[in-house]
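Colleague: Sequence and predicted structure below; questions after.
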Amino acid sequence: MRISIILLSLLFLSLHSLIKADITKLSVCGSARAVPTATQNPKPTCVNVNSQGIPTAGLNSAAFDNGVRCGQCYELTGPLGKTVVMVADVCDAGSACTQSDLFNFIIPNEEFDKIGNRSDYGNIFSLCYQIVSCGYSGNVQGVFTGPSSSPNTFTYFLSVVFSNNNVAIKKVLIKGLSWPLYESLTGQNGNWKWNKNSYELQFPATLYITSNTGETITYKMNSRPITNQPIDLDFQFNPKAISSLENNECSMALLPQYIYQDGLSYGWVDSQSFNYAKFTDKSSDTKSGSGTCINAQLDGHGGVKFTREGDFQTSYLDKLSFDIKTSADSSSFAVYFGDVATKNIDPLVASTWTTVELSVKSLTNNTVEGSITFFNNQADPINIWLDNIKWTYTDDAPLDQPTMDLIEVNNKPSTTSGTGTTSSKPSSSSGGVSGGGIGSESSIYGLSSENQENQSGHHASSNTNILLPTTFVFFISITILSLLF
């Protein structure tokens, strides 16, 4: 009976470690792009990712930022729904991967299909993204190594890879026995490394770890840690829910204000225009006399159609305005979403430049649309010029959606049982982390004497727990229990 109770306990712990906690929203809603991929790198750039079932994603080089976002989770919102992914890799080939204007997520096909329609398009240009916690219920794990010539010693070099952390880690400091100050570890792609600067590393030693959301934890090692094996570090980052974000449900990202102004705005194409004898989006016959506009010689029932891959949300659009002139006055000109013209616009379009403003609601729109068409709703051909096509937003539109800014919300919870000790930051921060990236230079930090003497971090020593794979423990437990009962 005692053995059975022990095995039942083991089974419970295995199941508990498999269960994910609820995710916590950690940022405002940002504007990004997503593309699907059928294959992912079997050896991703991030060395610290243990996703435990969370789908992984790649980021463009600028957003990846030398690995500062390795292991960070994001909730992505597209026209069909939401999904959560974890950053594990970088893409650095092609314009979408080398641009630095916005986050570009490369996600598995099956995740793209949760938020978009891969059979209709290969991009979502109006993607919304939000930083969230990864929802781990277990503790952070660490794998420690020394130099390759002597991996079990740490006197001159120490490397640690953290995984299973609820949020990404942006800064790690270390303080060895008799050191007066903390020294920084250099982070790259999830691997944090310390090289001897002023002092040899002797134990006990303390790690001071800061997450991207500002939560800090100290971890004390009484003796040299076991190397090259996952160690349960007996703490987890547990960012608190932020009241201002609790009801912040992200919808699709807000459209750029202009569809066309001296060229098409990002994400818009006019290649699906139809029934025309001539078409250019680089005409110099503009209203202002400078720049470019669109000129199309439309046949009867021809149209200039602007489409946006991945669709767009109309909820925050109030009006559509544009400058137009035609080769002849016409009362048979329509503007419409989707595929069917509902009614002609008023006023009459004319052979002189006219500014037209339409209510979006008058265009009989759906919440999500994929295109808008300027249509010659008659049998006779007509020559048209279009310029300065733009939206006016509703008063409640989220005008401040970031694209590349670091948008994590500072989150400094008080000390909680079962995690590491929360303490104040080091008093000096020269070097190390700057502008959201990770510096390469060594930095030395001071802590107040109170923090130096009274930090009660958790201990790693010769009896540190070595982790067995959760699924292995789980299936062994099931097998033994089936034999017993």
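Modeller: Yes, it's here.

Colleague: tell me how far the biggest strand by length in the chain is from the chain's mean position?
Modeller: Longest strand of the chain, by residue count under DSSP state E: strand 293-313. Strand 293-313 sits 32 Å away from the centroid of its parent chain (Cα atoms, centre = their mean, to the nearest Å).

Colleague: begin at 47 from here
Modeller: In the new numbering, first residue 47, that becomes strand 339-359.

Colleague: CA atoms only: put the next helix or strand after that strand into PDB for me.
Modeller: Per DSSP states H and E, the first helix or strand lying C-terminal to strand 339-359 is strand 363-372. In PDB, the C-alpha atoms belonging to strand 363-372 read as follows (Å, rounded to 0.1, in the frame of the first residue of the first chain):
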ATOM      1  CA  LEU A 363     -12.500  52.700 -39.700                       C
ATOM      2  CA  ASP A 364     -14.900  55.700 -39.800                       C
ATOM      3  CA  LYS A 365     -14.500  57.300 -43.300                       C
ATOM      4  CA  LEU A 366     -12.700  56.700 -46.600                       C
ATOM      5  CA  SER A 367     -11.500  59.700 -48.600                       C
ATOM      6  CA  PHE A 368      -9.800  60.000 -51.900                       C
ATOM      7  CA  ASP A 369      -9.000  62.400 -54.800                       C
ATOM      8  CA  ILE A 370     -10.500  61.400 -58.100                       C
ATOM      9  CA  LYS A 371     -10.900  62.700 -61.600                       C
ATOM     10  CA  THR A 372     -12.400  61.100 -64.700                       C
END
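
Colleague: So what does Ala142 look like in phi/psi?
Modeller: Note on Ala142: its backbone torsions stand at phi -70, psi -30 [degrees, to the nearest 10].

Colleague: quick revisit: show me what the longest strand of the chain pairs with in its sheet, parallel or antiparallel.
Modeller: Applying DSSP bridges, strand 339-359 is found paired with strand 314-315 (antiparallel), strand 320-329 (antiparallel), strand 414-422 (antiparallel), strand 428-439 (antiparallel).

Colleague: Tell me which of those sits most buried.
Modeller: strand 414-422 (a mean of 21; mean count of other Cβ atoms under 10 Å). Yep, even glycine has a C-beta here, placed from its N, CA and C like the rest.

Colleague: Nearest to Ala342, out of the strands paired with strand 339-359?
Modeller: strand 320-329 (4.8 Å; Cβ to Cβ).

Colleague: which residues of the stretch 47-196 of the chain score low on pLDDT?
Modeller: The model of the stretch 47-196 of the chain has pLDDT under 70 over residues 47-67.

Colleague: which non-adjacent residue is nearest Ile177?
Modeller: Excluding its sequence neighbours, the residue lying closest to Ile177 (Cβ to Cβ, 6 or more residues apart in numbering) is Ser73, at 3.9 Å.

Colleague: actually Phe171, not the one I typed
Modeller: Gly313 (3.2 Å).

Colleague: And the next helix or strand past the one helix or strand Ile153 maps to?
Modeller: Element membership for Ile153 (DSSP H and E) is strand 149-154. Note on strand 149-154: by DSSP H and E, the next helix or strand toward the C-terminus is helix 155-161.

Colleague: mind listing what's buried in that next one?
Modeller: By 16 or more other Cβ atoms under 10 Å, the buried positions in helix 155-161 come out as 157-161.

Colleague: can you check stretch 397-412 too?
Modeller: 402, 406, 409, 411.

Colleague: is it true that the third one touches Val386?
Modeller: No - under the contact definition of Cβ atoms under 8 Å, Leu409 does not touch Val386, with a separation of 11.3 Å.

Colleague: on that earlier part again, ok, and for the longest strand of the chain, which residues are buried?
Modeller: 339-345, 347-359.

Colleague: What mean pLDDT does it get?
Modeller: Across strand 339-359, pLDDT averages out at 97.

Colleague: repeat for stretch 290-302
Modeller: 87.

Colleague: who touches that stretch?
Modeller: With Cβ atoms under 8 Å, 6 or more residues apart in numbering as the test, stretch 290-302 has contacts from 71-78, 121, 123-125, 128, 172-176, 311-313, 354, 357-359, 361-363, 414, 437, 439, 443-445, 447, 455.

Colleague: I'd like to know which of those are buried.
Modeller: 71-78, 121, 123-125, 172-176, 311, 313, 354, 357-359, 362-363, 414, 437, 443-444, 447.

Colleague: Run through the residues that contact Ser330.
Modeller: Applying Cβ under 8 Å, 6+ apart to Ser330 gives the contacts 337-339.

Colleague: hmm, try it at 7 Å
Modeller: The contact partners of Ser330, by Cβ atoms under 7 Å, 6 or more residues apart in numbering, come to Thr338.

Colleague: What of the one 10 residues further on?
Modeller: Ile340 makes contact with 306, 327, 329, 350, 431-433, according to Cβ under 7 Å, 6+ apart.

Colleague: Pairing-wise in the sheet, spell out the partners of it.
Modeller: For Ile340, the beta-bridge partners are Leu432 (DSSP bridges).

Colleague: any idea how far it is from Thr252?
Modeller: Distance of Ile340 to Thr252, computed by Cβ to Cβ, to the nearest Å: 64 Å.

Colleague: Tell me the spacing between the nearest residue to Thr360 once chain neighbours are set aside and Tyr306.
Modeller: Once flanking residues are discounted, Thr360 sits nearest to Asn411: 4.6 Å by Cβ to Cβ, 6+ apart. Between Asn411 and Tyr306 the distance is 19 Å, computed by Cβ to Cβ.

Colleague: right, and Thr91 touches Gln234 too?
Modeller: No - if you go by Cβ atoms under 7 Å, Thr91 and Gln234 don't touch, sitting 9.5 Å apart.

Colleague: These two: which is more packed in?
Modeller: Just comparing Thr91 and Gln234: by other Cβ atoms under 10 Å the higher neighbour count belongs to Thr91, 21 against 16.

Colleague: Does that one lie in a helix or a strand, and which?
Modeller: Since the elements are taken from DSSP H and E, Thr91 ends up inside neither a helix nor a strand.

Colleague: so what's Lys324 closest to, chain neighbours aside?
Modeller: Per Cβ to Cβ, 6+ apart, closest to Lys324 is Gln343, 4.2 Å.

Colleague: quick one: the one you found from Pro193, how far?
Modeller: From Gln343 to Pro193 the distance is 72 Å (Cβ to Cβ).
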